[in-house]
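> I would like the atomic coordinates for the input below:
(chains A, B, C and D, ligands or ions: 2)
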Amino acid sequence: MIRSENGYFGEFGGRFVPEILLPALTELEDLFFELRDDPAFWQEYVTLTQEFSGRPTPLTPLRRLSKQLGGAQIWLKREDLNHSGAHKVNNVLGQGLLVQRMGKQRVIAETGAGQHGLATAIMAARLGLNATIYMGAEDIERQYSNVFWMRQLGSDVVGVSTGAQTLKEALDEALRDWAASVETTHYVLGTACGPAPFPELVSYFQSVIGDEIKDQSIRQMGCLPDEVVACVGGGSNAMGAFGAFLENPEVALVGIEAGGISLEDGKHSVRLSQGTGETGIAQGYKTLFLQNDDGQLGDTHSIAAGLDYVGVSPILAYLSQQGRVIADSATDDEVTEAFSLLMKTEGIIPALESAHGLAGGFKRAKSMRPEQNVVINLSGRGDKDIFNIARAFPQREWTEFLQREAARSTELLAQKGGH
Amino acid sequence: MIRSENGYFGEFGGRFVPEILLPALTELEDLFFELRDDPAFWQEYVTLTQEFSGRPTPLTPLRRLSKQLGGAQIWLKREDLNHSGAHKVNNVLGQGLLVQRMGKQRVIAETGAGQHGLATAIMAARLGLNATIYMGAEDIERQYSNVFWMRQLGSDVVGVSTGAQTLKEALDEALRDWAASVETTHYVLGTACGPAPFPELVSYFQSVIGDEIKDQSIRQMGCLPDEVVACVGGGSNAMGAFGAFLENPEVALVGIEAGGISLEDGKHSVRLSQGTGETGIAQGYKTLFLQNDDGQLGDTHSIAAGLDYVGVSPILAYLSQQGRVIADSATDDEVTEAFSLLMKTEGIIPALESAHGLAGGFKRAKSMRPEQNVVINLSGRGDKDIFNIARAFPQREWTEFLQREAARSTELLAQKGGH
Amino acid sequence: MFPAQYETLQIMSHAVIGFPSLEENEKAIAGLAVAGVKLIELQVPFSDPVADGHTLVNACYEALKQGGSVKATLDLAEKVCARHPEVTFVLMSYLNPLYRYGLQALFEKAAAVGIQGMIVPDWPVEEIEPWLPKLDELGLAPILMVTPNTAAERVERITRASRGMIYVVSRMGVTGHETQWGEKFQNYIAEIRKHTDLPLAVGFGVRTSNDLNALSGKAEVAAFCSQYIEWQRDDGSEIAANKMQTIVKAIDPVGV
Amino acid sequence: MFPAQYETLQIMSHAVIGFPSLEENEKAIAGLAVAGVKLIELQVPFSDPVADGHTLVNACYEALKQGGSVKATLDLAEKVCARHPEVTFVLMSYLNPLYRYGLQALFEKAAAVGIQGMIVPDWPVEEIEPWLPKLDELGLAPILMVTPNTAAERVERITRASRGMIYVVSRMGVTGHETQWGEKFQNYIAEIRKHTDLPLAVGFGVRTSNDLNALSGKAEVAAFCSQYIEWQRDDGSEIAANKMQTIVKAIDPVGV
Ligand SMILES: Cc1ncc(COP(=O)(O)O)c(C=O)c1O
Ligand SMILES: Cc1ncc(COP(=O)(O)O)c(C=O)c1O
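Ligands and ions are numbered 1, 2, ... in the order given. Here you go, the predicted model:
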């Protein structure tokens, strides 16, 4: 796995945070540097993911679909089968172990669509920690189902109503909480971004994905795959899938970003692949950001809430600059098509985020030979996001169901005498 | 695993079907009898569940919760981590292999809450079969989210508007379809009920659960568990969990039925444990049914849609009569309490069905000693059923979210120009 | 009395006990008798009528709300058997209501009130065989079903256990509407006759005069049930009886 | 000019460029100057102001809509530095807008328009050090922050890289409201003074005359920012300036 030089990967990375947060980051870094070369710690982590989250996740051959597309053999790394339904839980469980070692009793996290918040709430419940999850008021409004679960899990979900009231503001607000509580609280960052050591630390825990892909490929294909493809939001599932192959130049590593509606400002979330992202320093680190000439971070759009992020892992920014990672993107339309194709042909419901990896991977596989192998990292399942997916596939029956259900729910509340 | 005598388990079981269905059942039985002792077939099945559904599922120790309850060590068998979110997929994948061997191109199934229908739709997509899923119009109305997925998966979901328009009618309607299509169509029965060979066949495929529990117990506890607990709807997850232990009398096997609101007629679904069920012959087999003096099948109620069934596996009826399986029940209130307790203490979201097993298992564990071990089969996850669970925990925010979402959905539809 | 082998086509019609109401059943049966129907099934309504099409399923559902039951059926049978000695009444039921009543008691009571036969679609031949001595003693005829996909050895076994008539399921399926009475069907009938001298009652999909005329000369009995119940449901028992009369009169009296 | 060590307490106040509008900024700054404020931070609004509390976060959000930017800030600075020579203007910004502008060009331009200091909360000392020769050459003072949890060696490094003043973060956190100025705080201040002869500007949680009087005699500068911006937001710049004047007049003129 790649290692930073002093928190930097080439020109990207670093640690640009208010002074108050520095001690917590260095404490975390010290602990991480001490543990990451300790095989016993890695074993402890792997055992936790096994006993709680069902690892290893399988590598599923898509026989029918590969045949139908007529190119390479396509395999899915099934992170959707993780507890909580996405790869996010790997990182969160790993950080949970660090929290226990630091003796902290409280965790905080920011969340956009709710996936990382949910994973954090799950980890906190499992380990007996208090959790506060910051979420933009606008996101709460749209993703209430995840809020519902986080609250049922005992987490405190705090709505953030500054600014545009979405992920960015939630992240800023979580940092503000951390500035006040840093001595007793760990900030569980959800992707391979942010100030050092987070990009490295999150990639380290997620590398369990690529380690498994490597073993499974040798067992199931008899060789390494020709390509490994992953969607790129912050970059954690991609770094997880790619990590084990960085030193195998014969394995192409392909990251698929959210092409959204078009490459117009605010209509996509492409930072690596189309010259849309520019080097900047914000949210604690240096990377390619979508931003304007004044250095203000830009608006983003993706059909997948989890890819709708303005920055990107500094490690991926570096690897893509070096040419080791190939960056591409998939539009919303390509994504819904790949989504339907996988469901109808293989019976697997992908997350819309992961469907970006599918769209990109299918396209590449088509132009390859049948004896070649492409692994696509299926970072999450879609059934956790029925509201989002129903928005992507508008249907009258769904609307009517929601209306009836709202009426039913009102009635139930009235029966119970309100809340 | 237990074997029938000519389709019977003691006085229960048999095959009471219209003559027209008989050839299909005997064809299926012949094939099953031929394959079930073939280790290569079992291996093929296990490999399919591994590569597609992530088996083996882990056995998760509940360290915090066990300590908090102060009794035996509690372990969860994590069927919730299966692809599709419940144990139902095991059976369905197994039957899929049989369908391929029979050379049939179409499957049908009945579904109540939608779980089994969804699992069938998934299997059909994966194997390239046509699928028709029968579902009561009333159930479609309430469980539209599963209908949404089944349709996205390419299945034909047919609403049944005879009678009370629920599971029973859907089952009857599926049988009617089968009567007309039996030569080209396989009926994928979803639980360990129905005419022979289904109870035995479904239990056979589900026995993968208990086999794993046995291995894992020896590895993780160093001994067999003292008790294995499972919820009982039709009985498939219970038979799956119990199967491997039938010849180990030192392992208590406990089935938990839906105690519902009370033991009044129509307010529960207790067939085994309280003398409420009476021997009867319906839906193709002989077992304990909730019925009136005239032999009309009764109404049932459970907070968990999947336990709301009027009959029960003839194998469980027999084992409970023999005293080998202990039958108990949990009320709706006990179930919501156990549901919350597991979520808040261990970070796992159980299906409401499975939460019956939790309620029963927790109660038993409490009165046991810390060196004892109880395994509870967590048959499914709850996040697949957010609408049902939200009904069980009415909250103003949810109601408001549904109202907003209905409005949003209406708008989206208008934008796309209808359907 | 059941018809003799090769007798001209008779109609068997239907009553679902409790549909549309218990009182109406009596009038409807009287109407059928006047219309010239010689065989009537008295169906015990059941909560799970898997072998019935939608018409009868919904009729069962309504009938149960109106008090239809085994007991109501036997009570009614007692009256109508006495009142219409020219009609042969057949008890039609799913197994469970009879099983709950107690099979032996039920058979005895049914025979005592004058019921002559019994059609139980989910009661397989293997389970009936042990009861044959008792049924024969009571003179209660088990009328078993043969379907197009029943294997030859099984047809043999079923016909051997049947009494009074064989119920010939005309085609695969229960809910469809059109049935073909062509060569394939005739071969099927011929195949069954190799195994039995009992008259054949053909059921499923007999809905029109054309169907009846197609069957005339091929089978001894045509079960004209769902269509009749639909008439009863939509037009009332009286008009249904009139329509039935028209249908009965229109049959070509051709021997098989 | 920055105050000298141990001078009596001065107030540093604030402008978010573009909030409530670019024109209003000029009037507000004039009002502050009249009120007797000797130090004013000119904050470049930023999309992600992580070290600010809600008041400033929302002000940034509004300011951006009103055209706030680095360029707008420099343009304004040019005017107000010339207009109010008695006031020391400090550029306050997050790093990215400056980085995008080009750090060297920005420093040169800022110095040229008369800005004397610079507070950049997400710019750590390690990254500033290489720029010190250039900044010293330009006479642009990097004012670095020390926080209650900064380790002693790091306080040493930060104070060594700072110019003009040290920004003392009064307490943990950014969004809370009450700050204690008791013994613990005084020990904290004393600890910092061991490392530096620069005057101390205390920020975060300075919202009342009581706070100012508590700081009087302990620090040379009190950053009175969020409360002023709230006045400006709620009452307009004119009333805010009047309130500011009252506050400034009420300070006990005690030397440290
Ligand atoms: C299923 C899934 N995949 C991918 C992502 C994107 O994150 P990352 O790029 O860090 O893997 C998310 C974020 O929420 C997600 O939920
Ligand atoms: C999660 C879950 N558990 C249990 C059941 C009950 O079925 P069985 O008793 O066959 O396991 C269901 C049925 O839908 C289910 O979805």
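
> List the backbone torsions phi and psi for the closest residue to ligand 2 within chain C.
Relative to ligand 2, the nearest point of chain C is C:Asp48 (18.5 Å; C-beta to the nearest ligand atom). For every residue, glycine as well, the C-beta is placed using N, CA and C. Note on C:Asp48: backbone dihedrals following degrees, to the nearest 10 are phi -130, psi 70.

> Now the residue in the stretch 101-250 of chain C that chain B sits nearest to. Nearest residue, chain neighbours left out?
Here the stretch 101-250 of chain C gets closest to chain B at one residue, C:Gly173, 2.6 Å apart by C-beta to the nearest C-beta. Spatial nearest neighbour of C:Gly173, excluding adjacent residues (C-beta to C-beta, 6 or more residues apart in numbering or on different chains): B:Ala180 at 2.6 Å.

> Distance of that neighbour relative to B:Lys104?
14 Å (C-beta to C-beta, to the nearest Å).

> What lies in contact with the helix or strand hosting A:Ala390?
Per DSSP states H and E: A:Ala390 is located in helix A:386-392. Residues outside helix A:386-392 that contact it (C-beta atoms under 8 Å, 6 or more residues apart in numbering or on different chains) are A:113, A:142-143, A:145, A:303-305, A:332, A:336, A:339, A:352, A:382, A:398, B:145, B:148-149, B:386, B:405, B:408-409, B:412.

> That one and ligand 1, any residue contact?
No: judged by C-beta under 6 Å from any ligand atom, helix A:386-392 and ligand 1 are separated, with a smallest distance of 10.4 Å.

> just to revisit the earlier point, who's more crowded, B:Ala180 and B:Lys104?
B:Lys104 (19 against 16; other C-beta atoms under 10 Å in any protein chain shown).

> wait, what's in contact with the residue nearest to A:Glu278 when sequence neighbours are not counted?
Excluding the flanking residues, the one nearest A:Glu278 by C-beta to C-beta, 6+ apart is A:Gln291, at 5.9 Å. When contacts are counted by C-beta under 8 Å, 6+ apart, A:Gln291 touches A:278, A:280, A:282, A:297-298, A:310, D:96, D:100.

> List phi and psi for A:Glu257.
phi -100, psi 170.

> List the buried residues in the strand or helix carrying C:Thr55.
Per DSSP H and E, C:Thr55 falls inside helix C:54-65. By neighbour count on 16 or more other C-beta atoms under 10 Å in any protein chain shown, the buried set for helix C:54-65 is C:54-64.

> Check the secondary structure at residue 32 for me.
I'll assume chain A. helix (DSSP: H, G, I helix; E, B strand; the rest coil).

> pLDDT at it, what is it?
According to the prediction, A:Phe32 has pLDDT 98.

> and if you look at C:His177?
55.

> cool, A:Leu290 as well?
97.

> for the one 5 residues further on, same thing?
Model confidence at A:Gly295, given as pLDDT, is 97.

> list the contacts for the residue of the stretch 251-400 of chain A found nearest chain C?
Going by C-beta to the nearest C-beta, chain C is nearest to A:Glu397 of the stretch 251-400 of chain A, at 23.1 Å. By C-beta under 8 Å, 6+ apart, the contact set of A:Glu397 is B:144, B:147-148.

> in chain A, which segments are predicted with low confidence?
Along chain A, the parts satisfying pLDDT under 70 run over A:418-419.

> can you tell me the residue of it closest to chain D?
For chain A, C-beta to the nearest C-beta, closest residue to chain D: A:Ala180, 2.5 Å.

> hey, where'd the strands end up in the chain?
Went with chain A since none was named. Taking DSSP state E as the test, the strands found in chain A are A:8-9, A:12-13, A:59-61, A:73-78, A:106-111, A:130-136, A:156-160, A:185-187, A:227-231, A:252-260, A:278-282, A:285-289, A:325-331, A:373-378.

> was after chain C, sorry
C:10-16, C:39-43, C:88-92, C:117-119, C:141-142, C:145-146, C:166-169, C:200-203, C:221-223.

> now those in JSON lines, with mean neighbour count, mean pLDDT and distance to A:Phe242?
Output for the strands of chain C, formatted as JSON lines (neighbours: other C-beta atoms under 10 Å in any protein chain shown; pLDDT from 0 to 100; distance: least, C-beta to C-beta, whole Å):
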{"stretch": "strand C:10-16", "mean neighbour count": "28", "mean pLDDT": "97", "distance to A:Phe242": "68"}
{"stretch": "strand C:39-43", "mean neighbour count": "25", "mean pLDDT": "98", "distance to A:Phe242": "69"}
{"stretch": "strand C:88-92", "mean neighbour count": "26", "mean pLDDT": "98", "distance to A:Phe242": "69"}
{"stretch": "strand C:117-119", "mean neighbour count": "25", "mean pLDDT": "98", "distance to A:Phe242": "69"}
{"stretch": "strand C:141-142", "mean neighbour count": "22", "mean pLDDT": "98", "distance to A:Phe242": "72"}
{"stretch": "strand C:145-146", "mean neighbour count": "24", "mean pLDDT": "97", "distance to A:Phe242": "65"}
{"stretch": "strand C:166-169", "mean neighbour count": "25", "mean pLDDT": "96", "distance to A:Phe242": "63"}
{"stretch": "strand C:200-203", "mean neighbour count": "27", "mean pLDDT": "96", "distance to A:Phe242": "67"}
{"stretch": "strand C:221-223", "mean neighbour count": "27", "mean pLDDT": "96", "distance to A:Phe242": "70"}
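
> for the most centrally placed residue in chain C, which residues make a bridge with it?
Geometric centre of chain C, nearest residue: C:Glu41, 4.5 Å, by C-alpha atoms, centre = their mean. Assessed by DSSP bridges, C:Glu41 has beta-bridge partners C:His14, C:Val90.
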